[in-house]
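> turn this into a structure:
(one chain, ligands or ions: 1)
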Amino acid sequence: MDDLAALRYLVELGADEAIAEAPVDRFSAPPPAELPAPARPAPAMRVVAPVASPAIAAPVPAAQAVISARDAAAAANTLDELREALAKFDGCPLKATATNLCFADGNPEAKIMFVGEAPGADEDRQGKPFVGVSGQLLDRMIGFIGLDRKTNAYIANVIPWRPPANRTPTAAEIAACEPFIRRQIELCNPQILVLVGNISTKTLLGTTDGIIRMRGKWRDYSSPGLKAPIPALPIFHPAYLLRTPAQKRDSWRDLLSLKQRIQMLSK
Ligand code: URA
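Predicted structure coming up:
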């Protein structure tokens with residue numbers, strides 16, 4: 001394979017950015033000091049402690065990751081504390097391949113909060129959600145109804161780290177990050193929640209129905225730390241609209257429905 005072909009192959013795999021001055025050969029790193037015992041039947045909730053390695057952090061078992069995510073998220077009493085807790089959290093393997101944590105953008109005091117899926121390449125580079133092509137469409141969509149992330153909208157994602165090659169996050173990755181986005185919603189306590197796309201709709205509304213069925217239908221979003229449920233509206237993801245422009249008509253209806261709700265708030 002010549003150099004260019006090798007480079008193309010790496011980009012295809014999602015390694016599309018240099019993240020350090022010098023390359024690191026992780027295959028030649030020393031093996032973990034001690035390997036976990038071979039798999040054998042264990043009680044359902046038994047948690048195996050992670051094995052420390054000087055070079056590569058051992059993956060945190062999925063059940064343990066969810067427990068530590070819940071603890072860390074619950075302990076955060078401000079958005080800054082939550083961002084710090086996420087930055088320290090090692091339970092989601094996506095952190096290891098991402099360049100930056102994409103916590104949020106916009107005004108945390110806004111009445112309207114948008115929650116998308118996960119950062120893409122531009123977001124990963126800038127450390128902010130929805131700044132790439134689909135983010136630009138999202139800005140235009142919310143601009144039509146008088147919203148603007150600098151003043152009256154707050155934007156976050158279910159997953160704050162970019163999945164390699166923009167693949168769909170796995171169930172384990174979503175489960176490890178979910179307590180953080182739920183806490184982020186509690187701490188912002190918006191008056192309206194907009195669920196952008198399939199993953200945030202399914203994750204936050206706990207539904208198996210996809211976005212095609214759910215879009216445009218107002219639902220109540222609840223979580224233990226909220227005083228009252230928040231009205232939540234699933235909408236099509238702008239990346240989907242870019243691929244399927246025929247759906248823009250339905251999307252426009254949903255935006256008008258959102259605008260109506262917002263007008264009711266300010267009365
Ligand atoms: N898609 C998302 O869902 N979130 C982003 O931040 C960017 C693209």
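
> start from the N-terminal end of the protein and give the strands.
105-106, 112-116, 153-157, 192-196, 219-221, 230-235 (DSSP state E).

> so which of the ones you listed is nearest residue 143?
strand 153-157 (9.8 Å; CB to CB). C-beta coordinates here come from the backbone N, C-alpha and C atoms, glycine included.

> what sits up against the closest one?
By CB atoms under 8 Å, 6 or more residues apart in numbering, the list of residues contacting strand 153-157 from outside reads 102-110, 112-119, 123, 129-130, 138, 142, 147, 149, 181, 184, 188, 190, 200.

> out of the residues you listed, which sit inside helices?
The members of the contacts of strand 153-157 that map onto helices under DSSP state H are 123, 138, 142, 181, 184, 188, 200.

> tell me the contacts of the fourth one?
Contact partners of residue 181, counting by CB under 8 Å, 6+ apart, are 115, 156-158, 203-204.

> what's the answer for residue 87, then?
Residue 87 neighbours (CB under 8 Å, 6+ apart): residue 101.

> repeat that for the one 4 residues further on.
Applying CB under 8 Å, 6+ apart, one finds that residue 91 lies in contact with 60, 64-66, 68-69, 176.

> measure it to the ligand for me?
Going from residue 91 to the ligand by CB to the nearest ligand atom, to the nearest Å gives 20 Å.

> any stretches of the stretch 1-150 of the chain with poor pLDDT?
The model of the stretch 1-150 of the chain has pLDDT under 70 over residues 1-2, 5-21, 23-57.

> okay, and the beta partners of the residue of it found nearest the ligand?
For the stretch 1-150 of the chain and the ligand, the shortest gap (CB to the nearest ligand atom) falls at residue 116, measuring 2.9 Å. Residue 116 has these beta-bridge partners by DSSP bridges: residue 157.

> same question for residue 194.
The partner list for residue 194 in beta bridges (DSSP bridges) reads residue 114, residue 233.

> what about it, how many neighbours?
Number of residues near residue 194 (other CB atoms under 10 Å) recorded here: 25.

> which residues of this protein lie near the ligand?
Those residues of the chain that sit near the ligand, judged by CB under 6 Å from any ligand atom, are 116-120, 123, 129-130, 132, 134-135, 157, 197, 239.

> how does it look with 5 Å?
Within the chain, the positions adjacent to the ligand are 116-117, 119-120, 123, 129-130, 134, 157 by CB under 5 Å from any ligand atom.

> neighbour count for the residues you listed - can I get that in JSON lines?
Output for the residues of the chain next to the ligand, formatted as JSON lines (neighbours: other CB atoms under 10 Å):
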{"residue": "116", "neighbour count": "27"}
{"residue": "117", "neighbour count": "25"}
{"residue": "119", "neighbour count": "30"}
{"residue": "120", "neighbour count": "22"}
{"residue": "123", "neighbour count": "26"}
{"residue": "129", "neighbour count": "27"}
{"residue": "130", "neighbour count": "28"}
{"residue": "134", "neighbour count": "23"}
{"residue": "157", "neighbour count": "28"}
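
> quick check: the farthest pair among the residues you listed?
134 and 157 (11.7 Å).

> all helices of the stretch 1-150 of the chain, in order?
Secondary structure of the stretch 1-150 of the chain, counting by DSSP state H, counting those that start in this stretch: helices at 3-12, 62-75, 79-88, 94-97, 121-126, 133-144.

> using CSV, list the CA coordinates for the last one.
As requested, the backbone C-alpha atoms of helix 133-144 are provided in CSV (Å, rounded to 0.1, in the frame of the first residue of the first chain):
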residue,chain,number,x,y,z
VAL,A,133,-22.8,21.7,8.0
SER,A,134,-25.7,20.2,9.9
GLY,A,135,-25.2,22.7,12.7
GLN,A,136,-25.4,25.5,10.1
LEU,A,137,-28.7,24.1,8.9
LEU,A,138,-29.9,23.8,12.5
ASP,A,139,-29.0,27.5,13.1
ARG,A,140,-31.1,28.5,10.0
MET,A,141,-34.0,26.3,11.1
ILE,A,142,-34.1,27.9,14.6
GLY,A,143,-33.4,31.3,13.1
PHE,A,144,-36.7,31.1,11.2
